[in-house]
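In: Prediction below, plus the sequence it came from.
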Amino acid sequence: MITDYLIQLVLFFLILVTISFLLKRIWSIIFTSQKFQLLIFPGVLLHEFSHMIGCFITGAKVDEVSFFSPKGSYVKHGKPKIPLLGSLIISFAPIAGGISFLWLISGLFQVKITSINTFEKIPLAMKELISTIINRGGDWSFWLFLYLLISTAICLSPSKKDIKNSAGALVFVLALFFLLSQTEFVGDAFFSYLIGILAIGIFFGFLALLISLPIFFIRKLI
């Protein structure tokens, strides 16, 4: 039933954002503020560039960009030319940009992506993740991939300002999806495709957590 796909889509989105917030919290405790900003700099670049691409797509003028400052990173922009949905595209562009980037480098670094487009597949994915870490623990390229993964995953989640700017559009889109799910206008394939994209992000998020949590607990003991 398409309504079930919609519910799963929302849950997968919430899981992905929660993982990103957890990673940000974990690494902000491990490192001081300045070191933390340096750690996540690749992810920051990707995050802000994604916002800029979102501005380009929606016709919003970019007024100012900062990648590293005492106030943090940000993109100041004008009003998008696409009504309502424009703010949503700009605010959530880093999720699409981050997942796309991780998909590309997973191929470059030969990291297998396990499909977890249903909740039942999560335990199997976790098992394969642990196996991958054990088998490639001595491979420097794998650790470079993990660094890029963690910095990107930390920066996947939208900021509070992003959520505030797009809250109305997000409610509208969810309501629209719900209405469409009651008709034959949008089929299962559409929702399955979106769920599959979020599932890739969740897969990478779990991998980042598997690496981050032991480092966090060791840091707390020192």
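Out: Structure received.

In: Can you tell me the closest non-neighbouring residue to Phe49?
Out: With sequence-adjacent residues excluded and distances taken as C-beta to C-beta, 6 or more residues apart in numbering, Phe49 is closest to Gly97, at 6.9 Å. C-beta coordinates here come from the backbone N, C-alpha and C atoms, glycine included.

In: So for that neighbour, what's the pLDDT?
Out: Per-residue pLDDT puts Gly97 at 91.

In: export stretch 89-103 as CSV, just CAs?
Out: The C-alpha trace of stretch 89-103 is given here as CSV (Å, rounded to 0.1, in the frame of the first residue of the first chain):
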residue,chain,number,x,y,z
ILE,A,89,15.0,22.5,-2.1
ILE,A,90,17.6,24.9,-0.8
SER,A,91,17.3,23.8,2.8
PHE,A,92,17.4,20.1,2.1
ALA,A,93,19.9,20.1,-0.8
PRO,A,94,22.8,19.0,1.5
ILE,A,95,21.0,15.6,2.1
ALA,A,96,20.8,14.9,-1.7
GLY,A,97,24.3,16.4,-2.2
GLY,A,98,25.8,14.4,0.7
ILE,A,99,24.3,11.1,-0.3
SER,A,100,25.3,11.6,-3.9
PHE,A,101,28.9,12.3,-2.9
LEU,A,102,29.1,9.2,-0.6
TRP,A,103,27.6,7.1,-3.4
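
In: What are the buried residues along it?
Out: Using 16 or more other C-beta atoms under 10 Å as the test for burial, stretch 89-103 gives 89-99, 101-102.

In: Phi first, then psi, for Val75.
Out: The phi/psi pair for Val75 (degrees, to the nearest 10) reads phi -130, psi 120.

In: does the residue nearest the centre of the chain sit in a helix, a strand or a coil?
Out: Note on the chain: the residue nearest the mean C-alpha position is Leu156, at 3.3 Å, using C-alpha atoms, centre = their mean. Following DSSP: H, G, I helix; E, B strand; the rest coil, the label given to Leu156 is coil.
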